[in-house]
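Asker: fold the following.
(one chain, ligands or ions: 2)
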Amino acid sequence: MKPHVVVYKKLPEHLVQRLQAEFDLTLFDRITDDNRADFIAALATAHGMIGASLPITNAMLEAAPQLKIVSTISVGVDNFDLDYFRQRGLMLAHTPGVLTEATADTIFALILASARRVVELAEYVKAGRWKGSIGEAQFGVNVHGKTLGLIGMGRIGSAVARRAHHGFGMPILYHNRRPDPEAERELGARYVSKEDLLAQADFVCVMLPLTPQTERMFGAPEFALMKRSAIFINASRGRIVDEAALIAALQDKTIHGAGLDVFEVEPLPLQSPLLKLPNVVALPHIGSATHETRLAMAELAVTNLIAGLRGEPVAHLAV
Ligand SMILES: NC(=O)C1=CN([C@@H]2O[C@H](COP(=O)(O)OP(=O)(O)OC[C@H]3O[C@@H](n4cnc5c(N)ncnc54)[C@H](O)[C@@H]3O)[C@@H](O)[C@H]2O)C=CC1
Ligand SMILES: O=C(O)C(=O)CO
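Answerer: Ligands and ions are numbered 1, 2, ... in the order given. Prediction:
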């Protein structure tokens, strides 16, 4: 009998075929209230799971007594209780690296769009409000030469730093769990305390994983430390920020603006005040969302899953 794999996100056809060559599959394009019970029922005989964008609760995993590996099509692993995986001896595979550059591109798009008011002013043109030469009311602020403060100098943080240094001549301050000698040598990045970074950076960019240590790491005291001209960029996870405090800081001009790809609740609820603020650029969690990168992530996740179920070494294990 082939091992049974539950797929909980739509995969390209060639990857479904690759999996079908070795496993019996139960396929779901996505899990909704309508098919949740079928998904849980399928887990009863599952040896592997592959998918993304769904919090996988311990109760779901309890429903899968034969499970060996979950392969998530993401680098972030905050949809899982890592301690539970460790205790049960389950493998959790993820997709670091292949999405680094695409996500860094998105972060730079957020930096440029918020500083130069790209979204707001493109809407102004489309609304037929461009009736004469523009004036101060439409000016933005420079990006080149401004100080970038990176909280989290891992794979994606470093890729953002490279763009900032080589492309935009930006001095770089960073805060991380540990110093990064390569970024210091090659990009002139300077390690500082979180407080010094917040006080000195023109762009504060968060590129951390969501963990118990980073949850709500940015709240009213942190926004109060930032320059009034600072722009806050978050493309890591929404829950790293106290969103109500961010909204207050943007409304009362404690900070100048924000570029956000992630939110406490996704999709961002229609009643969110963030949608009404002109000094906010809000994207629908598109960090890695290019055709090429999403394909590379899905391919890597399939490779991880196959290795895990064959009993071979898995290249990218979070647990
Ligand atoms: N918006 C999007 O679509 C995407 C979001 N992400 C998010 O970005 C996160 C980071 O991804 P990578 O750069 O690949 O991860 P990484 O593990 O290479 O980098 C994270 C960095 O944060 C540092 N860090 C962790 N906890 C810290 C703490 N408490 N204080 C200071 N520094 C701390 C680590 O030392 C590491 O250098 C992912 O976990 C994911 O949540 C990733 C890809 C796409
Ligand atoms: O990989 C992740 O963690 C994402 O957020 C989406 O690419």
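Asker: and the residue in the stretch 101-250 of the chain positioned nearest to ligand 2, which of the three is it?
Answerer: Of all residues in the stretch 101-250 of the chain, the one sitting closest to ligand 2 is Thr103 (6.8 Å; C-beta to the nearest ligand atom). The way it works is simple: take the backbone N, C-alpha and C, and place the C-beta from them, glycine included. Using DSSP: H, G, I helix; E, B strand; the rest coil as the criterion, the local structure at Thr103 reads helix.
Asker: pull the contacting residues for it.
Answerer: With contacts defined as C-beta atoms under 8 Å, 6 or more residues apart in numbering, Thr103 is in contact with 156, 159, 235, 287-288.
Asker: and those residues, which of them are in helices?
Answerer: Cross-referencing the contacts of Thr103 with the helices (criterion: DSSP state H) gives 156, 159 as the overlap.
Asker: the contacts of Thr103 also near ligand 1: which ones?
Answerer: Applying C-beta under 6 Å from any ligand atom to the contacts of Thr103, one finds that 156, 235, 287-288 fall near ligand 1.
Asker: now those as CSV including distance to Phe139 and neighbour count?
Answerer: As requested, the ones next to ligand 1 among the contacts of Thr103 are exported to CSV (distance: C-beta to C-beta, whole Å; neighbours: other C-beta atoms under 10 Å):
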residue, distance to Phe139, neighbour count
Ile156, 30, 28
Ala235, 25, 24
Gly287, 28, 23
Ser288, 32, 25
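Asker: any chance of those in CSV, with pLDDT too?
Answerer: Output for the ones next to ligand 1 among the contacts of Thr103, formatted as CSV (pLDDT from 0 to 100):
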residue, pLDDT
Ile156, 98
Ala235, 98
Gly287, 98
Ser288, 98
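Asker: reformat the residues you listed as CSV; add distance to ligand 2.
Answerer: CSV is the format used below for those (distance: C-beta to the nearest ligand atom, whole Å):
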residue, distance to ligand 2
Ile156, 9
Ala235, 8
Gly287, 5
Ser288, 3
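Asker: nearest to ligand 1, of these?
Answerer: With C-beta to the nearest ligand atom as the yardstick, the closest approach to ligand 1 among the ones next to ligand 1 among the contacts of Thr103 comes from Gly287, at 2.2 Å.
Asker: domains of this structure?
Answerer: 4-98+292-310, 100-282 (automatic domain parsing).
Asker: who wins for proximity to His316 among these?
Answerer: His316 lies closest to domain 4-98+292-310 among the domains of the chain, at 5.6 Å (C-beta to C-beta).
Asker: for Val319, which of the domains of the chain is the nearest?
Answerer: When the domains of the chain are ranked by distance to Val319, counting by C-beta to C-beta, first place goes to domain 4-98+292-310 at 4.2 Å.
Asker: quick one: distance of the closest one to the chain centre.
Answerer: 19 Å (C-alpha atoms, centre = their mean, to the nearest Å).
Asker: likewise for stretch 146-160?
Answerer: Taking C-alpha atoms, centre = their mean, one finds stretch 146-160 lying 14 Å from the centre of the chain it belongs to.
Asker: what does it contact?
Answerer: Residues from elsewhere that reach stretch 146-160 (C-beta under 8 Å, 6+ apart): 75, 96-97, 100-101, 103-104, 107-108, 111, 161, 164, 170-176, 180, 182-183, 189, 194, 197-198, 200-209, 217, 235-236.
Asker: circling back: any chance of the ones next to ligand 1 among the contacts of Thr103 in JSON lines, with distance to Ile50 too?
Answerer: Shown next, in JSON lines, are the ones next to ligand 1 among the contacts of Thr103 (distance: C-beta to C-beta, whole Å):
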{"residue": "Ile156", "distance to Ile50": "23"}
{"residue": "Ala235", "distance to Ile50": "24"}
{"residue": "Gly287", "distance to Ile50": "20"}
{"residue": "Ser288", "distance to Ile50": "16"}
